[in-house]
Each structure stands twice: as structure tokens, then as C-alpha cells.
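Engineer: no sequence for this one, just the structure:
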């Protein structure tokens with residue numbers, strides 16, 4: 001069995017950003033030499049997410065609008081922010097959007113359905129954060 005563990009680092013310019021990381025993940029799958037297996041892509045911070053969905057700008061705007069309805073960014077709404085933080089909403093968004101994505105690898109490629117892409121979603125950015133990519137297989 002082959003395995004590769006690598007980290008992608010992000011230092012976003014905005015507090016909230018959605019970054020398509022599909023090509024970076026595929027590069028690591030290729031580097032691993034795994035032809036049949038799985039890849040785990042995991043946001044290593046509690047205010048960020050990794051998910052798989054369509055790479056369409058309108059959908060990304062819809063995610064943000066929907067998340068803001070579920071958990072508004074207003075600091076005064078959350079007990080967590082009494083600790084001096086201002087990111088309670090980001091913790092809640094991460095819970096909804098998920099911590100990680102797992103994808104099959106077939107013939108050395110990410111085995112996606114139509115339109116699927118891997119995204120890193122940053123909800124409390126403007127600082128350095130990492131994403132774990134772990135490839136396992138034969």
C-alpha cells in the first residue's frame with residue numbers, strides 16, 4: 001500500500017473565501033503514485049471547511065447567503081464572542097459545511113461525478129491555515 005501526507009497552506013486576504021483546490025489535490029494524488037484508493041482532504045482549523053460541490057460562482061454566493069441566514073455574522077448574537085472572539089458564526093458554518101471530504105481515486109484520477117470539485121471554505125481568514133491531504137491506496 002502507498003500513502004502520502006501533505007499539507008496545503010492558505011493565508012486568505014478576506015475573512016470569508018471559497019477556494020477551488022481540485023487541481024492541487026489531483027497534483028498530490030499524481031505525486032503519490034496511487035492508482036486505486038482514496039484521498040482525504042481535511043480542514044485543520046475549526047473555522048474552515050472542505051467540501052465537494054459545483055464550481056459555479058452563483059452557488060458560492062448562495063452558500064454565503066444561506067450560511068448568513070443560518071448563523072448571522074453579528075458578533076452580539078453569540079455567547080462564544082464574550083470570550084473576546086468575534087468568530088462564533090465561523091464555528092457554526094464549519095459545522096454545517098463539514099470538516100473534510102473523501103474522494104475515490106480510480107486510474108490515478110479523482111473519481112468525480114459531473115461538475116464535482118473540491119473546495120476549501122475559509123470563514124475566519126486573514127491568517128495562515130492548513131489543509132491535510134492524505135492519499136492511501138495501491
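Structural biologist: Good, I have the coordinates. These figures come from a predicted structure and were not determined experimentally. Residues are numbered from 1 along each chain as shown.

Engineer: Pick out the residue nearest the middle of the chain.
Structural biologist: Central residue of the chain (C-alpha atoms, centre = their mean): residue 50, 1.9 Å from the mean position.

Engineer: roughly how far out does the longest helix belonging to the chain sit from the chain middle?
Structural biologist: Secondary structure assigned by DSSP state H gives helix 57-70 as the longest helix of the chain. Computed by C-alpha atoms, centre = their mean, to the nearest Å, the chain-centroid distance of helix 57-70 equals 15 Å.

Engineer: For residue 17, see how far away residue 81 is.
Structural biologist: Remark: distance between residue 81 and residue 17 (C-beta to C-beta, to the nearest Å) = 21 Å. In this view, the C-beta of every residue, glycine as well, is placed from N, C-alpha and C.

Engineer: pLDDT value on the residue nearest to the centre of the chain, please?
Structural biologist: What the model reports for residue 50 is a pLDDT of 98.

Engineer: Report the angle between the helix or strand containing it and helix 57-70.
Structural biologist: Under the criterion DSSP states H and E, the helix or strand holding residue 50 is strand 48-54. Here the directions of strand 48-54 and helix 57-70 differ by 130 degrees (axes from the mean of the first three to the mean of the last three C-alpha atoms, to 10 degrees).
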